[in-house]
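Trainee: sequence? don't have it. structure:
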């Protein structure tokens, strides 16, 4: 007898429906075909033990399982449940006509209990797109799948519950979720706040500009100056995630298995801070079955690289293209997958190995040329792609003990939101551009008009600092953001002057 059940294979951040055909006929042996990996081939032992534990019989005849389309590699143990139900139906131990109405996924334990799987959100989206009535999943994954409306999400804890549901002995109510209510209830709940930061007003100003325009930032300063503390508070002043951004971000974290049990929609912007020993594959993504890396997990959020010169040069250089394209392409012999990677890069570094170059009180003990060699660990092309270079100085004792409260993140966020609203209106006709930092060169010419006096100022800065064409564009983008924060359509001289001062590392002789 031929039986068909349906599962799903995740490739990148999208899913493909897999038809699982099961035939039980005369003969012997158990065959799984259609490019399964070892985890799927080993499902025979798990399924046989679970069937026996629940009082069912594994057919002692020939069992052939075909997973179509056969040219897509299937990986993981999430196909245990649809294969088991297919075997039961093909051997007439399960009597139902509803198997074809649902996408069924779940890893089985030896007693038939179901374990959670990864990539549920893209699977649910594809199931609704292809017109399936519902999706059957382990209980821990139900909240995540319920983000997708117009789809019955059937949560089951054991194989027996799935069998009883399909045979009509058990009525399982679909899990429902008011996505917007959940999203708005917990949105923007950050534990870190700029109110905790005493002093550092110039750094707060730079981070406000960065948040308003989506710009990349590098902070240079001695140990203990507050670079990490400031960076961790940046997400709290970014605009709230939109529903579309939340779905995109949740899909990536779902595919990577980072959501956890009973998780649903991500409602705060991600903040990723990988250690400097990270590999290039872990940072940008990859593997035999390509998985998203840290830059994709930071999509719509912040990627913080602490102690930037300590990262391997090859790791930093692979970020060049994603910083420009806002996506990363992982190419393999048989497949090429795009992962979104629209993130804000926040980097921090000491000015020298000892950390005290340009320190107002402590003397630098590094030898001649050491400071320059240390800075050269970060390539010029990468620094070109960072819009704001900010020098962080230590906080004085008087500033630390000041009783006056600092401005809260909520207050700064209001100004950022206002500036982003102006940008949203400006880029209405450009669906791929959402902030000033995303403007392509031609749009910079159109949107960042400057006066003759501004042009002369910029020319002088370009000649003295030896800036590249890319740095020129980035100064204009930052100036445009400063003007948006000031509420003016015109980019004025003071806006350009402030944008130029955020190119510290371009200054001739900065490192001696």
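Mentor: Yep, that arrived. All values reported here derive from a predicted model rather than from experimental measurement. Residues are numbered from 1 along each chain as shown.

Trainee: Quick one: classify residue 10 as helix, strand or coil.
Mentor: With DSSP: H, G, I helix; E, B strand; the rest coil as the basis, residue 10 sits in strand.

Trainee: can you check residue 153 too?
Mentor: Classified using three-state DSSP, residue 153 is strand.

Trainee: Might you report the residue contacts of it?
Mentor: By Cβ atoms under 8 Å, 6 or more residues apart in numbering, residue 153 lies in contact with 124, 134, 135, 137, 142, 145, 146, 174, 175, 176. Just so you know, the C-beta spots here come from the backbone N, C-alpha and C atoms, and that holds for glycine as well.

Trainee: What sits closest to residue 384 if chain neighbours are left out?
Mentor: residue 470 (4.6 Å; Cβ to Cβ, 6 or more residues apart in numbering).

Trainee: The one you found - that's part of a helix, no?
Mentor: Yes - under three-state DSSP, residue 470 sits within a helix.

Trainee: if I look at it, how far off is residue 49?
Mentor: 60 Å (Cβ to Cβ, to the nearest Å).

Trainee: now swap in residue 263 and tell me
Mentor: From residue 263 to residue 49 the distance is 29 Å (Cβ to Cβ).

Trainee: cool, and residue 190?
Mentor: Applying Cβ to Cβ to residue 190 and residue 49 gives a distance of 46 Å.

Trainee: same check, this time on residue 450
Mentor: For residue 450, the distance to residue 49 - Cβ to Cβ - is 73 Å.

Trainee: Kindly report the same for residue 113.
Mentor: Counting by Cβ to Cβ - residue 113 and residue 49 are separated by 12 Å.

Trainee: Now do the shared contacts for the two.
Mentor: With Cβ under 8 Å, 6+ apart, residue 113 and residue 49 have no common neighbours.

Trainee: ok, which stretches of the stretch 351-500 of the chain are helices?
Mentor: Here the stretch 351-500 of the chain has its helices, by DSSP state H, counting those that start in this stretch, at 370-375, 380-384, 397-400, 409-426, 441-447, 452-465, 469-486, 493-501.

Trainee: Same list (those helices) but as a markdown table, adding distance to residue 150.
Mentor: As requested, the helices of the stretch 351-500 of the chain are exported to a markdown table (distance: least, Cβ to Cβ, whole Å):
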| stretch | distance to residue 150 |
| --- | --- |
| helix 370-375 | 55 |
| helix 380-384 | 45 |
| helix 397-400 | 55 |
| helix 409-426 | 29 |
| helix 441-447 | 38 |
| helix 452-465 | 53 |
| helix 469-486 | 39 |
| helix 493-501 | 48 |
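
Trainee: so which of these comes closest to residue 35?
Mentor: Among the helices of the stretch 351-500 of the chain, the nearest to residue 35 by Cβ to Cβ is helix 380-384 (39.3 Å).

Trainee: Mind picking out the helix or strand in this protein with the poorest mean pLDDT?
Mentor: When the helices and strands of the chain are compared on mean pLDDT, DSSP states H and E, helix 179-186 comes out lowest with a mean of 65.

Trainee: So which residues of the stretch 101-250 of the chain form strands?
Mentor: 102-104, 107-108, 114-115, 134-138, 152-156, 217-220 (DSSP state E, counting those that start in this stretch).

Trainee: for residue 262, what are its contacts?
Mentor: Counting by Cβ under 8 Å, 6+ apart, residue 262 has contacts 140, 142, 143.

Trainee: helix, strand or coil for it?
Mentor: coil.

Trainee: do the same with residue 17
Mentor: Residue 17 ends up strand, using three-state DSSP.

Trainee: and the nearest residue to residue 468 once chain neighbours are set aside, how many neighbours?
Mentor: Residue nearest to residue 468 in three dimensions, not counting chain neighbours: residue 384, with 5.5 Å by Cβ to Cβ, 6+ apart. Using other Cβ atoms under 10 Å, residue 384 is surrounded by 18 other residues.

Trainee: Then residue 469?
Mentor: Neighbours of residue 469 under the rule other Cβ under 10 Å: 10.

Trainee: Would you tell me what helix or strand residue 66 is located in?
Mentor: strand 62-68 (DSSP states H and E).

Trainee: Which strands or helices does that strand pack on?
Mentor: When contacts are defined as 3 or more Cβ pairs under 8 Å, 6 or more residues apart in numbering; DSSP states H and E, strand 62-68 packs onto strand 14-25, strand 30-33, helix 80-90.

Trainee: can you map out the strands along the stretch 301-450 of the chain?
Mentor: 302-305, 327-331, 336-340, 344-349, 388-391.
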